[in-house]
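# Sequence isn't available, so here's the structure alone:
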DNA sequence: ATGTCC
């Protein structure tokens, strides 16, 4: 396919349709943030996604787009369920329901300062992290796991790992309703039994932050945020369970492609009609894994509460919990007609506009919170959904990589990076030197530019900017 | 992302 980008605005580029694309591609970015500027194959993936059966409107890319498995990370694609539309595990990613949770502590930076060292030590000692290893909550077996897979964060709260108000501030109230635990294989369940309440590795982290700037005081107040306030951002997913679900169902779909007469330019786009046995099976398993991811973040929240109580004697409230790796059944207007769509968001956050019926009542006037984590040395953003978002109400999910992990290791030493961050007043509790180096701030796009482009493209609006005080690294 | 290869 010939890939030529046509600028439509300073924040929007079109990738014209050519065979076998069914729809055009749309990349929301500035020139500096374009994948070609950062030298990877993400644009080709945007075009590949546009060939999927049933895709409507366009194959979208967010400002943090970069190369991923099949679909680009930062990719959004919706298929029409009643017109043979497909679901693709590659459009969700291996880390199903990977997401971000923001907590607001009942203390400001200044009074916390003398307790900060102790707080970081407790977090460093109590937050399980790294590949494999254990979690905070041991699940007894398949029967208990199925309850967790059905009710997600709600099951954790039911078992006293949280308070009911937490669920008011979770996307989907903490659980996707379509979960079908019978489609989650025993191997996936076994991998998940010991990992509820653990960060994992890679780009996952738990960060203590402070509100550095407020762009919209009204929305910030509705979210429970003010200047100088201490927050905690948690980024993690569904660990080995989600990974195994993806692996299992990609295999099934790869084998069933021929029987559905589906032709795709890349096997990593393996897919099946939503209305088919493998399609339904994957969506049921995916929802279950998504609920595992939400329960995982709920358990980590409890560890944060324990640390703040012990170190500073203060409480912690949930601001919001969003997933950025999902496929969800949603109703959208397409060319003036209301359609049932399967919306894939891979490294993209739901960004509902003000007034949307799916919003919690106390946020209904403002819009859906959009959490955009940066890196351990840079800012993170809270944004809010806007009216007129073409990409099925989706926004950026983070900074987006520019260096591969291998490249990062050639440029950065973990020990030196820790020294640098500590000298800038950012406490670091790593899991491994290698993992720390791979996640160096230089390996990512400029998150300030990503957040500005997200606003410029009309995907979401800036609410507050957070800067790091300490990082517990997966 | 991931018991970084069953």
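Sure, I can see it. Here the structure is a predicted model, which means the values were calculated and not measured.

# Spatially, what comes nearest to residue A:224 if we skip its sequence neighbours?
In space, and not counting its chain neighbours, residue A:224 is closest to residue A:104: 5.0 Å by CB to CB, 6 or more residues apart in numbering. All C-beta atoms are positioned from the backbone trio N, CA, C, and that covers glycine.

# what helix or strand does the one you found sit in?
Counting by DSSP states H and E, the element that carries residue A:104 is strand A:99-108.

# After that strand, which helix or strand is next? Please name it.
helix A:109-112.

# so residue A:185 sits right up against residue A:246, yeah?
No - distance between residue A:185 and residue A:246: 11.3 Å, which falls outside the contact criterion (CB atoms under 8 Å).

# Those two: who's more crowded?
Remark: of residue A:185 and residue A:246, residue A:246 carries more neighbours, 25 against 16, as counted by other CB atoms under 10 Å.

# Contact partners for that one?
If a contact means CB atoms under 8 Å, 6 or more residues apart in numbering, then residue A:246 has A:89, A:92-94, A:96, A:289 as its contacts.

# Could you tell me which strand of chain A is the longest one?
What stands out as the longest strand in chain A, according to DSSP state E, is strand A:460-473.

# Please compute how far it lies from its chain's middle.
Shown here is strand A:460-473, whose average C-alpha point lies 15 Å from the average C-alpha point of the whole chain (CA atoms, centre = their mean, to the nearest Å).

# Do any residues in that strand lie close to DNA strand B?
No - using CB under 7 Å from any atom of the strand, we find that strand A:460-473 stays clear of DNA strand B, coming within 10.1 Å at best.

# ditto for stretch A:201-214
Yes - Stretch A:201-214 reaches DNA strand B (CB under 7 Å from any atom of the strand) through A:201-204.

# can you give me the strands in the stretch 201-350 of chain A?
With DSSP state E, counting those that start in this stretch applied, the stretch 201-350 of chain A shows strands at A:205-214, A:229-236, A:272-273, A:316-323, A:325-334, A:337-346, A:349-350, listed in chain order.

# Mind putting those strands into TSV with distance to residue A:43 and mean neighbour count?
Formatted as TSV, the entries for the strands of the stretch 201-350 of chain A read as follows, by distance: least, CB to CB, whole Å; neighbours: other CB atoms under 10 Å:
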stretch	distance to residue A:43	mean neighbour count
strand A:205-214	29	22
strand A:229-236	26	24
strand A:272-273	26	24
strand A:316-323	25	23
strand A:325-334	21	18
strand A:337-346	15	22
strand A:349-350	21	27
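
# okay, those in CSV with mean pLDDT next?
Listed next are the strands of the stretch 201-350 of chain A as CSV, based on pLDDT from 0 to 100:
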stretch, mean pLDDT
strand A:205-214, 98
strand A:229-236, 98
strand A:272-273, 98
strand A:316-323, 98
strand A:325-334, 98
strand A:337-346, 98
strand A:349-350, 98
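
# So for residue A:164, which of those strands sits nearest?
Taking CB to CB as the measure, the strands of the stretch 201-350 of chain A were each checked against residue A:164, and strand A:316-323 came out nearest at 11.0 Å.

# For that closest one, name the packing helices and strands.
Contact analysis of strand A:316-323 by 3 or more CB pairs under 8 Å, 6 or more residues apart in numbering; DSSP states H and E lists strand A:99-108, helix A:164-168, helix A:277-312, strand A:349-350, strand A:369-372 as its packing neighbours.

# now with 7 Å?
Counting contacts by 3 or more CB pairs under 7 Å, 6 or more residues apart in numbering; DSSP states H and E, strand A:316-323 is packed against strand A:99-108, helix A:277-312, strand A:369-372.

# Can you confirm whether that strand lies near DNA strand B?
No - judged by CB under 7 Å from any atom of the strand, strand A:316-323 stays clear of DNA strand B, getting no closer than 13.5 Å.

# got the contact list for that strand?
Applying CB atoms under 7 Å, 6 or more residues apart in numbering, the set of residues contacting strand A:316-323 from outside is A:97, A:99-105, A:166, A:169-171, A:223-225, A:232, A:290, A:293-294, A:297, A:301, A:304-305, A:308, A:349-350, A:369, A:371.

# Kindly report the same for stretch A:190-200.
With contacts defined as CB under 7 Å, 6+ apart, stretch A:190-200 is touched by A:127-129, A:133-139, A:145, A:205-206, A:236-237, A:239-241, A:244, A:292, A:295-296, A:299-300, A:303, A:474.

# and the stretch 201-350 of chain A, which residues reach DNA strand B?
Taking CB under 7 Å from any atom of the strand as the contact definition, the stretch 201-350 of chain A meets DNA strand B at A:201-204, A:236-237, A:239-240, A:243-244.

# Farthest pair within the residues you listed?
In those, two members sit farther apart than any others by CB to CB. They are A:203 and A:244, at 19.7 Å.

# Provide the secondary structure category for residue A:190.
Classification of residue A:190 by DSSP: H, G, I helix; E, B strand; the rest coil places it in helix.

# one step back: what residues does the residue nearest to residue A:224 make contact with?
A:224-225, A:229, A:231, A:317, A:319.

# rewinding a little: can I get the residues of stretch A:201-214 next to DNA strand B in a markdown table including pLDDT?
Formatted as a markdown table, the entries for the residues of stretch A:201-214 next to DNA strand B read as follows, by pLDDT from 0 to 100:
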| residue | pLDDT |
| --- | --- |
| A:201 | 97 |
| A:202 | 96 |
| A:203 | 97 |
| A:204 | 98 |
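
# Quick check: PyMOL command selecting the buried ones in the residues you listed.
Selection of the buried residues among the residues of stretch A:201-214 next to DNA strand B in PyMOL, burial being defined by 16 or more other CB atoms under 10 Å:
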select buried, chain A and resi 201+202+203+204
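
# Parallel or antiparallel, list what pairs with the strand holding residue A:104.
When pairs are called by DSSP bridges, strand A:99-108 turns out to pair with strand A:229-236 (antiparallel), strand A:316-323 (antiparallel).

# Mind checking the pLDDT average for it?
Taken as a whole, strand A:99-108 carries a mean pLDDT of 98.

# For that strand, buried residues please.
By neighbour count with 16+ other CB under 10 Å, strand A:99-108 contains the buried residues A:99-105, A:107.

# got it, and stretch A:114-122?
By neighbour count with 16+ other CB under 10 Å, stretch A:114-122 contains the buried residues A:115-116, A:119-120, A:122.

# now, the most widely separated pair of these?
For the buried residues of stretch A:114-122, and using CB to CB, no pair is farther apart than A:116 and A:122, which are 10.9 Å apart.
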